[in-house]
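Engineer: let me see the structure of the following:
(one chain, ligands or ions: 2)
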Amino acid sequence: MAKEKTLEDLFHDTLKDIYYAERKILKTLPKMQRAAQSEDLKKAFEKHREETEGHVERLQQVFEILGKAPRGKTCDAIEGIIAEGEEIIDEFKGTSALDAGLISSAQAVEHYEITRYGTLHRWANELGLKDAAKLLQDTLKEESKTDESLTKLADASANERAKAA
Ligand SMILES: [Fe+2]
Ligand SMILES: [Fe+2]
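Structural biologist: Ligands and ions are numbered 1, 2, ... in the order given. Predicted coordinates:
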């Protein structure tokens with residue numbers, strides 16, 4: 001019979017998944033910043049890169065609360081989302097639709113993070129890990145805010161520019 005596993009195992013496993021994803025995102029955001037055409041979008045990516053450094057640190061604190069070493073586990077989902085984003089950069093480089101495409105790729109990343117942090121936050125509460133729950137919620141809020149600001153940038157200019165060409 002398989003060894004029994006619990007919510008705590010799931011929590012730890014998912015923590016490793018998002019830890020891998022955040023560090024991958026940290027490496028990818030500068031590429032998106034360089035690719036972006038508008039100054040506003042460049043600034044948005046820079047701001048979120050700084051926040052992402054904080055996300056990695058918060059996750060390290062959550063590992064510490066669990067008494068586990070911070071370790072990532074390959075996250076195929078983020079690999080796929082980022083690979084699609086790189087395709088957009090290649091295929092839309094130099095066109096007026098590029099920024100709208102970059103925003104959509106970045107929002108796919110944010111939504112992935114939101115689903116992970118939403119789950120981890122609920123599980124931390126279930127497990128009575130109050131401090132961990134607070135750390136996860138702080139990041140969840142920043143991911144949601146980033147998602148909203150990206151929508152605003154798309155609505156304010158990027159989508160119009162993409163149509164106008
Ligand atoms: Fe993040
Ligand atoms: Fe994010």
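
Engineer: and for the closest residue to residue 14 other than its chain neighbours, the neighbour number?
Structural biologist: Closest residue to residue 14 apart from its sequence neighbours, by CB to CB, 6 or more residues apart in numbering: residue 120 at 5.8 Å. To be clear about C-beta, it is placed using only N, CA and C from the backbone, and glycine gets the same treatment. Counted with other CB atoms under 10 Å, residues neighbouring residue 120 total 26.

Engineer: got it, and residue 69?
Structural biologist: 8.

Engineer: hmm, residue 63 and it touching each other?
Structural biologist: Yes - with contact defined as CB atoms under 8 Å, residue 69 reaches residue 63; the gap is 6.6 Å.

Engineer: that older thread, okay, and the residue nearest to residue 14 sits in which element?
Structural biologist: With secondary structure defined by DSSP states H and E, residue 120 is part of helix 98-126.

Engineer: which parts of this protein sit against ligand 1?
Structural biologist: 52, 55, 113 (CB under 5 Å from the ion).

Engineer: swap the cut-off to 8 Å and go again
Structural biologist: Residues of the chain found near ligand 1 (CB under 8 Å from the ion) are 18, 21-22, 25, 48, 51-52, 55, 110, 113, 117, 139, 142-143.

Engineer: give the contact list for the residue of the chain found nearest ligand 1.
Structural biologist: The nearest approach of the chain to ligand 1 comes at residue 55, 3.7 Å away (CB to the ion). Neighbouring residues of residue 55 by CB atoms under 8 Å, 6 or more residues apart in numbering: 22, 139, 142.

Engineer: got a list of what residue 84 touches?
Structural biologist: 105, 108.

Engineer: that one: which element?
Structural biologist: Short version, using DSSP H and E: residue 84 is in helix 76-92.

Engineer: any idea how far residue 98 is from residue 124?
Structural biologist: Separation of residue 98 from residue 124 (CB to CB, to the nearest Å) stands at 38 Å.

Engineer: returning to that earlier point: what is the nearest of the residues of the chain next to ligand 1 to residue 153?
Structural biologist: residue 48 (11.7 Å; CB to CB).

Engineer: count of residues packed around the residue lying closest to the closest one once chain neighbours are set aside?
Structural biologist: In this structure, residue 48 finds its nearest non-sequential neighbour in residue 146, 5.2 Å apart by CB to CB, 6+ apart. Residue 146 is flanked by 22 other residues according to other CB under 10 Å.

Engineer: quick check, residue 146 in contact with residue 109.
Structural biologist: No - here residue 146 lies out of contact with residue 109, judged by CB under 8 Å, at a distance of 9.2 Å.

Engineer: ranking helices and strands of the chain by mean pLDDT, which lands last?
Structural biologist: In the chain, no helix or strand scores lower on mean pLDDT, DSSP states H and E than helix 159-164, which sits at a mean of 90.

Engineer: all set now, cheers.
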